[in-house]
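[1] Here's a sequence, model it:
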Amino acid sequence: MRSMKVFLPLLALALTACTLIVHERGPTAADEVEFGSTGRDIPPGLTASGPLRCGVHEELRVEGLYITGEGPGVYALDNCDLWIVDSVIDVRGVALRIDGNGDVHVQNSKLIGTDAAYIVNGNGDLHASGSTFEGRREIVGNGDLHDDGSNSF
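    Below is the predicted model of the structure:
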(Lines give C-alpha, C1' and ligand atoms only; values in the text may rest on other atoms or scores of the structure.)
Protein backbone atom coordinates (compact mmCIF):
# COMPACT_ATOMS: atom_id res chain seq x y z
CA MET A 1 0.00 0.00 0.00
CA ARG A 2 1.41 3.37 -1.04
CA SER A 3 1.38 6.00 1.65
CA MET A 4 2.04 9.71 1.36
CA LYS A 5 1.93 12.59 3.76
CA VAL A 6 -1.00 14.92 3.17
CA PHE A 7 -1.27 18.17 5.06
CA LEU A 8 -4.88 19.29 5.05
CA PRO A 9 -5.46 23.05 5.16
CA LEU A 10 -7.05 22.94 8.63
CA LEU A 11 -4.12 20.95 9.94
CA ALA A 12 -1.15 22.52 8.25
CA LEU A 13 0.07 24.67 11.16
CA ALA A 14 2.17 23.49 14.10
CA LEU A 15 1.58 19.76 13.72
CA THR A 16 2.69 17.35 16.41
CA ALA A 17 3.60 13.68 16.34
CA CYS A 18 0.11 12.18 15.92
CA THR A 19 -0.52 10.06 12.84
CA LEU A 20 -3.72 8.54 11.50
CA ILE A 21 -4.09 6.41 8.38
CA VAL A 22 -7.00 7.89 6.41
CA HIS A 23 -8.92 6.17 3.61
CA GLU A 24 -10.69 8.71 1.43
CA ARG A 25 -11.29 6.32 -1.46
CA GLY A 26 -11.64 3.00 0.36
CA PRO A 27 -9.33 0.84 2.46
CA THR A 28 -6.80 0.17 -0.32
CA ALA A 29 -5.94 3.81 -1.05
CA ALA A 30 -4.57 5.23 2.18
CA ASP A 31 -3.06 8.63 2.80
CA GLU A 32 -1.17 9.41 5.98
CA VAL A 33 -2.40 12.51 7.74
CA GLU A 34 -0.45 14.09 10.57
CA PHE A 35 -2.47 16.08 13.06
CA GLY A 36 -2.79 16.88 16.70
CA SER A 37 -1.93 20.49 17.38
CA THR A 38 -4.12 22.30 19.88
CA GLY A 39 -7.45 23.33 18.42
CA ARG A 40 -7.24 21.33 15.17
CA ASP A 41 -10.18 19.53 13.54
CA ILE A 42 -10.26 16.33 11.50
CA PRO A 43 -12.37 16.98 8.38
CA PRO A 44 -15.64 15.01 8.18
CA GLY A 45 -16.27 11.97 6.00
CA LEU A 46 -13.00 10.09 6.36
CA THR A 47 -12.42 6.40 7.08
CA ALA A 48 -9.39 5.44 9.14
CA SER A 49 -7.48 2.51 10.55
CA GLY A 50 -7.03 3.34 14.25
CA PRO A 51 -5.79 4.31 16.63
CA LEU A 52 -6.62 7.97 16.72
CA ARG A 53 -4.46 9.44 19.49
CA CYS A 54 -5.11 12.66 21.36
CA GLY A 55 -2.12 13.51 23.54
CA VAL A 56 -1.16 15.70 26.46
CA HIS A 57 -2.85 19.14 26.40
CA GLU A 58 -4.27 18.63 22.90
CA GLU A 59 -7.69 19.73 21.73
CA LEU A 60 -9.12 17.67 18.89
CA ARG A 61 -12.54 17.38 17.25
CA VAL A 62 -13.45 14.57 14.85
CA GLU A 63 -16.71 14.57 12.94
CA GLY A 64 -18.11 11.99 10.52
CA LEU A 65 -15.13 9.68 11.03
CA TYR A 66 -15.23 5.90 10.64
CA ILE A 67 -12.45 4.02 12.46
CA THR A 68 -11.98 0.28 12.03
CA GLY A 69 -9.28 -2.35 12.56
CA GLU A 70 -7.40 -3.26 15.73
CA GLY A 71 -8.16 -1.33 18.91
CA PRO A 72 -7.89 0.91 20.63
CA GLY A 73 -9.79 2.88 18.00
CA VAL A 74 -9.36 6.09 19.97
CA TYR A 75 -6.79 6.71 22.69
CA ALA A 76 -7.09 9.90 24.79
CA LEU A 77 -4.15 10.70 27.09
CA ASP A 78 -3.52 13.15 29.93
CA ASN A 79 -5.43 16.42 29.65
CA CYS A 80 -6.61 15.68 26.12
CA ASP A 81 -9.86 17.45 25.21
CA LEU A 82 -11.46 15.31 22.48
CA TRP A 83 -14.84 15.63 20.74
CA ILE A 84 -16.16 12.68 18.70
CA VAL A 85 -19.25 13.71 16.73
CA ASP A 86 -21.39 11.76 14.21
CA SER A 87 -18.74 9.03 14.01
CA VAL A 88 -18.44 5.24 14.14
CA ILE A 89 -15.61 3.41 15.91
CA ASP A 90 -15.87 -0.33 15.24
CA VAL A 91 -12.72 -2.22 16.25
CA ARG A 92 -11.37 -5.54 17.44
CA GLY A 93 -10.33 -4.63 20.97
CA VAL A 94 -11.21 -1.45 22.86
CA ALA A 95 -13.12 1.26 20.96
CA LEU A 96 -12.21 4.15 23.31
CA ARG A 97 -9.52 4.27 25.99
CA ILE A 98 -9.12 7.31 28.23
CA ASP A 99 -6.07 7.55 30.52
CA GLY A 100 -5.09 10.19 33.05
CA ASN A 101 -7.19 13.34 32.95
CA GLY A 102 -8.54 12.92 29.43
CA ASP A 103 -11.87 14.63 28.78
CA VAL A 104 -13.82 13.01 25.92
CA HIS A 105 -17.21 14.07 24.54
CA VAL A 106 -19.09 11.55 22.35
CA GLN A 107 -22.13 12.89 20.50
CA ASN A 108 -24.42 11.04 18.07
CA SER A 109 -21.81 8.32 17.57
CA LYS A 110 -21.48 4.55 17.79
CA LEU A 111 -18.60 2.86 19.65
CA ILE A 112 -18.21 -0.89 19.19
CA GLY A 113 -15.36 -2.88 20.71
CA THR A 114 -15.00 -6.66 20.92
CA ASP A 115 -13.13 -6.24 24.25
CA ALA A 116 -14.79 -3.03 25.45
CA ALA A 117 -16.77 -0.06 24.18
CA TYR A 118 -14.73 2.12 26.54
CA ILE A 119 -12.20 1.94 29.37
CA VAL A 120 -11.66 5.06 31.50
CA ASN A 121 -8.55 5.01 33.73
CA GLY A 122 -7.45 7.53 36.34
CA ASN A 123 -9.38 10.79 36.47
CA GLY A 124 -10.69 10.72 32.90
CA ASP A 125 -14.20 11.83 32.04
CA LEU A 126 -16.48 10.53 29.30
CA HIS A 127 -19.43 12.74 28.33
CA ALA A 128 -21.97 10.95 26.13
CA SER A 129 -25.13 12.10 24.37
CA GLY A 130 -27.20 10.42 21.68
CA SER A 131 -24.65 7.61 21.27
CA THR A 132 -24.56 3.81 21.23
CA PHE A 133 -21.93 1.78 23.09
CA GLU A 134 -21.55 -1.94 22.31
CA GLY A 135 -19.16 -3.97 24.42
CA ARG A 136 -17.96 -3.99 28.00
CA ARG A 137 -17.80 -0.64 29.79
CA GLU A 138 -15.19 -0.06 32.47
CA ILE A 139 -14.23 2.84 34.73
CA VAL A 140 -11.13 2.40 36.90
CA GLY A 141 -10.10 4.95 39.52
CA ASN A 142 -11.84 8.31 39.82
CA GLY A 143 -13.01 8.53 36.22
CA ASP A 144 -16.65 9.24 35.46
CA LEU A 145 -19.31 8.72 32.84
CA HIS A 146 -21.58 11.73 32.27
CA ASP A 147 -24.72 10.38 30.60
CA ASP A 148 -26.16 13.48 28.96
CA GLY A 149 -29.15 11.54 27.58
CA SER A 150 -30.41 9.51 24.62
CA ASN A 151 -27.61 6.92 24.90
CA SER A 152 -27.80 3.16 24.43
CA PHE A 153 -25.49 1.01 26.56
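[2] Okay, now the sheet partners of the helix or strand harbouring residue 112, with direction.
    For residue 112, the element it lies in under DSSP states H and E is strand 110-113. Its sheet considered, strand 110-113 pairs with strand 88-92 (parallel), strand 132-134 (parallel) by DSSP bridges.
[3] and those strands, which is most packed in?
    Across these, averaging neighbours per residue (mean count of other C-beta atoms under 10 Å) puts strand 88-92 on top, at a mean of 21. C-betas here are computed from N, CA, C, even on glycine.
[4] Give me the residues contacting it.
    Residues from elsewhere that reach strand 88-92, judged by C-beta atoms under 8 Å, 6 or more residues apart in numbering: 50, 65-74, 95-96, 109-115.
[5] and that strand, average pLDDT?
    When pLDDT is averaged over strand 88-92, the result is 94.
[6] what's around residue 79, how many residues?
    Other residues within reach of residue 79, judged by other C-beta atoms under 10 Å, total 17.
[7] Surely it is in contact with residue 99?
    No. The criterion here is C-beta atoms under 8 Å, and residue 79 misses it with residue 99 at 10.6 Å.
[8] picking that back up, against which helices or strands is the next helix-or-strand element following the strand holding residue 112 packed?
    Following strand 110-113 in sequence order, the next helix or strand is strand 116-122 (DSSP H and E). Here strand 116-122 touches strand 94-98, strand 132-134, strand 137-141, going by 3 or more C-beta pairs under 8 Å, 6 or more residues apart in numbering; DSSP states H and E.
[9] so after strand 116-122, what's the next helix or strand?
    Following strand 116-122 in sequence, per DSSP H and E, is strand 125-129.
[10] tell me the angle of that following strand relative to strand 116-122?
    Relative orientation of strand 125-129 versus strand 116-122 (axes from the mean of the first three to the mean of the last three C-alpha atoms, to 10 degrees): 140 degrees.
[11] if we look at strand 125-129, which residues are touching it?
    If you take C-beta under 8 Å, 6+ apart as the criterion, strand 125-129 is touched by 96, 98, 102-108, 118, 120, 143-151.
[12] Could you identify the buried members of the residues you listed?
    Buried residues within these, defined by neighbour count using 16 or more other C-beta atoms under 10 Å: 96, 98, 102, 103, 104, 105, 106, 107, 118, 120, 143, 145.
[13] okay, those in TSV with distance to residue 56 and pLDDT next?
    TSV is the format used below for those (distance: C-beta to C-beta, whole Å; pLDDT from 0 to 100):
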residue	distance to residue 56	pLDDT
96	18	97
98	13	96
102	10	92
103	12	95
104	14	97
105	18	98
106	20	98
107	23	97
118	20	98
120	17	96
143	17	92
145	22	96
